[in-house]
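Asks: need a structure here:
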Amino acid sequence: MSVAEGESPLRVAVVGTADADEGEYALARALGRALAQRGVLIVCGGRGGVMEAASRGAHEAGGTVVGILPGEDASEANRWVAVPLATGMGEARNALVVRAAEAIVAVGGRWGTLSEIALGRAMGRAVLTLGRPPADGLGLPSAPDAESAAEWAVAEARVYRASRERVDGFGPEHGGHGEVRTPG
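Replies: Sure, this is the predicted structure:
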């Protein structure tokens, strides 16, 4: 399942620790590749660890990654981020990462990842874990591998997008981009 021609790319956030171990790095890299192969725009925190691995995998597959950075210097982004956005917001940028996404996949993680999971769920985004979750008892679905996680993310992003579209002339079937807009 990939993005249809003429449709804006689905947006999936890949979140996780900046201190990824080898297994988390490999999972995130495979996930980035699998998402890019499906035409997904990846949103992440733009720095190291899981963020770097997902960016690298996406880049290798010809995909695009937006890195929403905590600092004010866009050069802090890992080298595989195509669009670095320096916010100067510190960890508060986690809210922007998940707000920009239509579905979220967490690969490992710690406190920052937990904040992204909580914010994402509070904002109505579906969240999946891949690999070891950042905490026990979260009640989130998990995927056995990167391909399954990518399929889930595409499906959930489509559900989210469809729930946000309006039938009063602002959806893509009427030339819009699917975002809910206020007429005027």
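Asks: in stretch 94-110, what counts as buried?
Replies: Neighbour counts using 16 or more other C-beta atoms under 10 Å place 94-98, 100-109 of stretch 94-110 among the buried residues. All C-beta spots, glycine's among them, are computed from the backbone N, C-alpha and C.
Asks: So which of the residues you listed belong to strands?
Replies: When the buried residues of stretch 94-110 are checked against strands (DSSP state E), the matches are 103-107.
Asks: tell me the phi and psi of residue 143?
Replies: Dihedral angles phi and psi of residue 143 (degrees, to the nearest 10) take the values phi -110, psi 150.
Asks: secondary structure element for the residue nearest to it when sequence neighbours are not counted?
Replies: Nearest residue to residue 143 in three dimensions, chain neighbours excluded: residue 149, at 3.8 Å (C-beta to C-beta, 6 or more residues apart in numbering). Element membership for residue 149 (DSSP states H and E) is helix 146-164.
Asks: Just the CA atoms of that helix, as PDB, please.
Replies: Below are the C-alpha coordinates for helix 146-164, written out as PDB (Å, rounded to 0.1, in the frame of the first residue of the first chain):
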ATOM      1  CA  ALA A 146       9.800  -3.000  10.200                       C
ATOM      2  CA  GLU A 147       7.700  -4.000   7.200                       C
ATOM      3  CA  SER A 148       4.700  -4.700   9.400                       C
ATOM      4  CA  ALA A 149       5.200  -1.400  11.200                       C
ATOM      5  CA  ALA A 150       5.300   0.500   7.900                       C
ATOM      6  CA  GLU A 151       2.100  -1.200   6.600                       C
ATOM      7  CA  TRP A 152       0.400  -0.400  10.000                       C
ATOM      8  CA  ALA A 153       1.600   3.200   9.800                       C
ATOM      9  CA  VAL A 154       0.300   3.800   6.300                       C
ATOM     10  CA  ALA A 155      -3.100   2.300   7.100                       C
ATOM     11  CA  GLU A 156      -3.400   4.400  10.300                       C
ATOM     12  CA  ALA A 157      -2.200   7.500   8.600                       C
ATOM     13  CA  ARG A 158      -4.900   7.000   5.900                       C
ATOM     14  CA  VAL A 159      -7.600   6.500   8.600                       C
ATOM     15  CA  TYR A 160      -6.400   9.700  10.400                       C
ATOM     16  CA  ARG A 161      -6.400  11.700   7.200                       C
ATOM     17  CA  ALA A 162      -9.900  10.500   6.200                       C
ATOM     18  CA  SER A 163     -11.200  11.500   9.600                       C
ATOM     19  CA  ARG A 164      -9.900  15.000   9.100                       C
END
